[in-house]
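Peer 1: sequence first, then the predicted structure:
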Amino acid sequence: MTLMTKFLGAAAGMALTSGAALAEPALIFDLGGKFDKSFNEAAFNGATRWAEETGGKFAEIEMQSEAQREQALRRFAESGANPIITMGFAMADPLSTVAPDYPDTKFAVVDVNWLDLPNVRQVSFAEHEGSYLVGVMAAMASKSNTVGFVGGMDVPLIRHFGCGYAQGVMATNPDAKVIANMTGTTPAAWNDPVKGSEITKAQINQGADVVYAAAGGTGVGVLQTAADEGILSIGVDSNQNHLHPGKVLTSMLKRVDVAVYDAMMAGEDLEVGEVVTLGLAEEGVGVAVDEHNKDLVTEEMQAAVDEARQKIIDGEIKVVSYYENDSCPALDF
Amino acid sequence: MDVMPKWAEVILVPLISLLLAALLSALVILAIGEDPIAAVTLMVKGALGSTYGWGYTLYYATNFIFTGLAVAVAFHARLFNIGGEGQAMLGGLGVAIAALYIPWPHWTLALIGCGVMAGLLGAIWAAIPGWLQAKRGSHVVITTIMFNFIAAALLNYVLVNVMRPPGSMDPASARFPEAVHLPTLHELLAPLGIAFSKSAPANISLLVAAAACIVVWLLIWRTRLGYEIRAYGHSQPAAKYAGISPVRITMVTMIISGALAGLMAINNVMGESERLVLNATEGAGFIGIAVALMGRSHPVGVFFAALLFGFLYQGGAELALWTSIPRELIVVIQALVILFTGALDNMVRMPLERLFLMFRRPAPPANSADSEPKPGPRSGQSEGAE
């Protein structure tokens, strides 16, 4: 026991002394890798923007294995990095063991909101609200009354996306049909554009003429196939409208970049110990309209989206979250 | 057969392969504008330079010992079990079920109980392809790799729909209770006055893995069953003629192999994460193939090959942490080692054999290559590794 406390003391001392020397922020990407054109890349973009604007430097690592999560947290904490920003729900458990050991280090975690740690800032997004809005647009753009949803790995988070989307579709057109497929059951499903393409073709065969991809790197294949086959697609997380101008109806924005940028800007003054949920009102989620898709978005559509957004913010429309009771009123998975 | 002395076979061939892989890796690192010497120094220091580094190296090595032994045992019967990944996943499920639903009074009992469950589920997962091979002739390579996918799907279903604590978004089981916490090397070595890093995940499973090496050695070379397995591997018709049942040997070998792969879960699931996560095995089942190849299917070889791959994993992690070498390149380096030590084994072996032949025979021209008057002390032994 005494040895353990001594060791802890030594570790803490090391962290303190090195912390005085350099307090760069550190960014830990999830298994998808920082160039996934989606979730992690958004974080990378936010960090890059911070680095360009301030001239600062940040440490980073892309996860390769589960055991590295705790390892990376500890190594960065011991090197004095502050704050340490981590991506993805899988960091929740490692954080809850590591964060108490480094009370002077501030952590931020994106996509987690259920921890109770005094030195962690938890940022989550109301993805179901943003997905609801793209669902409204999909239902209005569809001529066949059939729209598709391509998820990445079959995890609750992705069902959460799909559930909001289906509610938006159903609210706009009660006769519409939503076809939902998941790419797979292993982490490879986040980065399998070929399979994403196959699923899209299958959904087109079933009549879908708008598909929404919430699948990380797999979505690249979904958007590509949709463009090739002449139907519309919806991107996710980052603005993906530019990938196929005129073929991507819109993108469901999840402003991970803003969350990361803000955390890095705050630096060592980061407010910790709180849970922040970024929804439509905070512009943490939204739909992307730019020069690449403005011809696709009709005035009628824009008006419907604006109305739905306002109603959600005012609480007139309640988008049911998949997490509330692990089921979806508009879609069966 | 025995053209090289034993030491050359066991040490020289892997060493030269490793050097070649290292040389090529250095060129790759140079090509992206980084300093290969600094990179290697960082890897060695990060993996072996501190108890912290050793803790991770040994943790990874423990995984690879189990899966390496699993593949090695099957190799002896000329069965190519590439389903270690799925069997280890099922082992993880076994550990999670035992740890979560049985109130264990002490970790020693929990280790035995969870180990048995892990081995059992891993064995079942290997027994089905084994049965299909033995009775139906479905090739075990095809079926075991298919079973990896079925295992992944099953695990995903169980974690998302059954074992996930309500309200959690993370597809993972609840944390195991304190009572099943396995002592880490830090806790094991502290009473001896050795300060081992507290944060490293290496745990008592390492000793179980070492014990498994000894048991496998005893099984393969000192028991009747082991003899039957080897005999069956060398020649099926001869084994059958000698009264060895092919069905029985195939089944038994696959069950032992699957149980060993499943046992890996006491290290990664019970010892490290202390809960079952989706991606718990992360390729250790496939690394096991390379480990068994490099270790020439001998437990001692497997042990050291596993250490080497543990070093590569931990060293790779350090590279990712402190340099801008992208992680894809770290995978390239690991792949080069696998390629040279596993797949391109003969590229080094054949020239070496020729070299040894040249030096051995002064010049009796009548001798052909396979009549062997070699006077060396160990010329009679053949391990039957490949």
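Peer 2: Received it, and whenever you're ready, just let me know what you need. From a predicted model like this one, the values you see are computed outputs, not experimental measurements.

Peer 1: for chain B, what are the nearby residues on chain A?
Peer 2: Applying C-beta under 8 Å from any C-beta of the partner chain, we find that chain A lies next to chain B at A:3-4, A:7-8, A:11, A:31, A:33, A:59, A:61-62, A:64-68, A:70-72, A:74-76, A:89-90, A:92-93, A:111-112, A:114, A:153-157, A:160, A:185-187, A:323, A:326. For glycine as for every other residue, the C-beta is placed from the backbone atoms N, C-alpha and C.

Peer 1: worst-scoring helix or strand of chain A, pLDDT-wise?
Peer 2: helix A:2-21 (a mean of 44; mean pLDDT, DSSP states H and E).

Peer 1: tell me what the helix or strand following it is packed against?
Peer 2: Sequence-wise, the next helix or strand downstream of helix A:2-21 (DSSP states H and E) is strand A:26-29. If you count contacts as 3 or more C-beta pairs under 8 Å, 6 or more residues apart in numbering or on different chains; DSSP states H and E, strand A:26-29 packs onto helix A:39-54, strand A:59-62, helix A:67-78, strand A:84-87.

Peer 1: thinking again about what came up before, drop anything exposed from the residues of chain A next to chain B.
Peer 2: Among the residues of chain A next to chain B, the ones that count as buried by 16 or more other C-beta atoms under 10 Å in any protein chain shown are A:3, A:7, A:11, A:31, A:33, A:59, A:61-62, A:64-68, A:70-72, A:74-76, A:89-90, A:92-93, A:111-112, A:114, A:153-157, A:160, A:185-187, A:323.

Peer 1: tell me the confidence at residue 316?
Peer 2: Reading this off chain A. Looking at A:E316, its pLDDT stands at 91.

Peer 1: think we crossed wires, I meant chain B
Peer 2: 88.

Peer 1: that one sits in which helix or strand?
Peer 2: Per DSSP H and E: B:G316 is located in helix B:299-322.

Peer 1: swap in B:A110?
Peer 2: Secondary structure from DSSP H and E places B:A110 in helix B:107-131.

Peer 1: downstream of that helix, the next helix or strand is which one?
Peer 2: Later in the chain than helix B:107-131, the nearest helix or strand by DSSP H and E is helix B:140-157.

Peer 1: tell me the average confidence for that next one?
Peer 2: Per-residue pLDDT values across helix B:140-157 average out to 93.

Peer 1: helix or strand next in line after it, which one?
Peer 2: Counting by DSSP H and E, what follows helix B:140-157 is helix B:185-189.

Peer 1: could I get the average pLDDT for that next one?
Peer 2: 91.

Peer 1: name the residues of that helix that are buried.
Peer 2: For helix B:185-189, a neighbour-count test (16+ other C-beta under 10 Å) marks B:L185, B:H186, B:L188 as buried.

Peer 1: check those residues against chain A, which are close?
Peer 2: Within those, those near chain A by C-beta under 8 Å from any C-beta are B:H186.

Peer 1: if I look at B:N156, how far off is A:A188?
Peer 2: According to C-beta to C-beta, to the nearest Å, B:N156 stands 12 Å off from A:A188.

Peer 1: just B:H181 next, same as before
Peer 2: Distance, B:H181 to A:A188, by C-beta to C-beta: 31 Å.

Peer 1: measure how buried A:A81 is and give me the count.
Peer 2: Residues near A:A81, counting by other C-beta atoms under 10 Å in any protein chain shown, number 25.
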